[in-house]
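Asker: take this sequence and fold it.
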Amino acid sequence: MSLYTILLVSSVAVPLLLSFDNKLRFWQQWKYFFPAVFTIAAVYIFFDVLLTRDGVWGFNPRYHSSLVFLGLPLEEWLFFIVIPYASIFLHDALVLYFPKFKMTEKTTGFLTYGILIFLVLMIVFHTGKTYTVYIFTTVAVALLWSLTDKTNVISRFYATFLVILVPFIMMNAVLTGTFIDGEVVWYNHAENLNIRFLTIPIEDFGYAFSMILLGLLLREKLRNLY
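Answerer: Okay, the predicted model is just below:
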């Protein structure tokens, strides 16, 4: 079993088992969750294929399986299902057991508009950095969508994301080479800001934020429709 596979299994094992918890009953969300996550995954995979082809990032064959499709190892395809599953499960658990764990409406608005202004400035001043522009654009799209969301998912997500960051950092640190020889995923730092936390490019935090938030927003949209 490849290291990348081990990381994915470790990330989703507990959330999957606890999906049948009598109080949380996350399995009952599957009919909304999977259509939402598959839709968001399709968008991210599309750009993943393009950016891998263009050398913005790539994968170390030493740490992934030999099954590769459109330039992406099997594990990378599964990443876009496994990580949102584990993250949204954790979000829902925190919302259920800690209902007051959220930002106030005023703080939420301040953060959202403040981040949007920051993102626009970063995109304008770093147009030559593909990964930076791509990720900051996806975060901006997610935040703009959140402004139209009547369920106000974003006020809770700002809080729960701080907790989600703990397992995210643990996994991504390994993926980017903090505890291993080399890395599972390598980056062309000419295409990003080359600012890292441990070995994690700062853009990866925006990647996780936008991918999970978009999944949450679309799930809520589907839940309200059906």
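
Asker: count the residues that sit near the closest residue to residue 27 other than its chain neighbours.
Answerer: Distance criterion C-beta to C-beta, 6 or more residues apart in numbering; nearest residue to residue 27, sequence neighbours excluded, is residue 19 at 4.7 Å. All C-beta atoms are positioned from the backbone trio N, CA, C, and that covers glycine. As a burial measure, residue 19 scores 19 neighbours (other C-beta atoms under 10 Å).

Asker: ok, residue 19 to residue 12 distance?
Answerer: 10 Å (C-beta to C-beta, to the nearest Å).

Asker: please apply the same query to residue 34.
Answerer: From residue 34 to residue 12 the distance is 14 Å (C-beta to C-beta).

Asker: re the thing from before, next one: the residue nearest to residue 27, what pLDDT does it get?
Answerer: Note on residue 19: pLDDT of 95.

Asker: and the gap between it and residue 29?
Answerer: 9 Å.

Asker: ok, which stretches of this structure are strands?
Answerer: In the chain, the strands defined using DSSP state E lie at 57-59, 68-69, 72-73, 185-187, 196-197, 200-201.

Asker: partner strands of the last one and their direction?
Answerer: Think strand 200-201. strand 196-197 (antiparallel) (DSSP bridges).

Asker: so how far is the partner strand from its chain's centroid?
Answerer: Chain-centre distance of strand 196-197: 17 Å, with C-alpha atoms, centre = their mean, to the nearest Å.

Asker: could you do stretch 63-71 as well?
Answerer: Using C-alpha atoms, centre = their mean, the offset of stretch 63-71 from its chain centre is 21 Å.

Asker: could you dump it to CSV, C-alpha only?
Answerer: Presented in CSV, the C-alpha positions along stretch 63-71 are these (Å, rounded to 0.1, in the frame of the first residue of the first chain):
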residue,chain,number,x,y,z
TYR,A,63,4.8,7.3,-2.8
HIS,A,64,1.8,6.6,-4.9
SER,A,65,0.3,3.6,-6.8
SER,A,66,1.1,2.8,-10.4
LEU,A,67,-2.5,3.6,-11.4
VAL,A,68,-2.4,6.9,-13.2
PHE,A,69,-5.1,8.5,-15.2
LEU,A,70,-4.9,11.9,-17.0
GLY,A,71,-1.6,12.4,-15.2
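
Asker: give me the residues contacting it.
Answerer: Residues external to stretch 63-71 that are found in contact with it (C-beta atoms under 8 Å, 6 or more residues apart in numbering): 2-5, 49, 52-53, 73-77, 180, 182-184.

Asker: out of those residues, show me where the pLDDT dips lowest.
Answerer: Of all those, residue 182 carries the smallest pLDDT score, 88.

Asker: residue contacts, the residue positioned nearest the centre of the chain?
Answerer: Centroid-nearest residue in the chain, with C-alpha atoms, centre = their mean: residue 208, separated by 2.5 Å. Counting by C-beta under 8 Å, 6+ apart, residue 208 makes contact with 83, 87, 164-165, 168, 172.

Asker: neighbours around residue 86, how many?
Answerer: As a burial measure, residue 86 scores 23 neighbours (other C-beta under 10 Å).

Asker: same deal with the one 4 residues further on?
Answerer: With neighbours defined by other C-beta under 10 Å, the count for residue 90 comes to 21.

Asker: separation between it and residue 221?
Answerer: Separation of residue 90 from residue 221 (C-beta to C-beta): 21 Å.

Asker: next one: residue 174
Answerer: Counting by C-beta to C-beta - residue 174 and residue 221 are separated by 33 Å.

Asker: between these two, who's got more neighbours?
Answerer: Legend: neighbour count by other C-beta under 10 Å for residue 174 and residue 221, higher for residue 174 (23 against 17).
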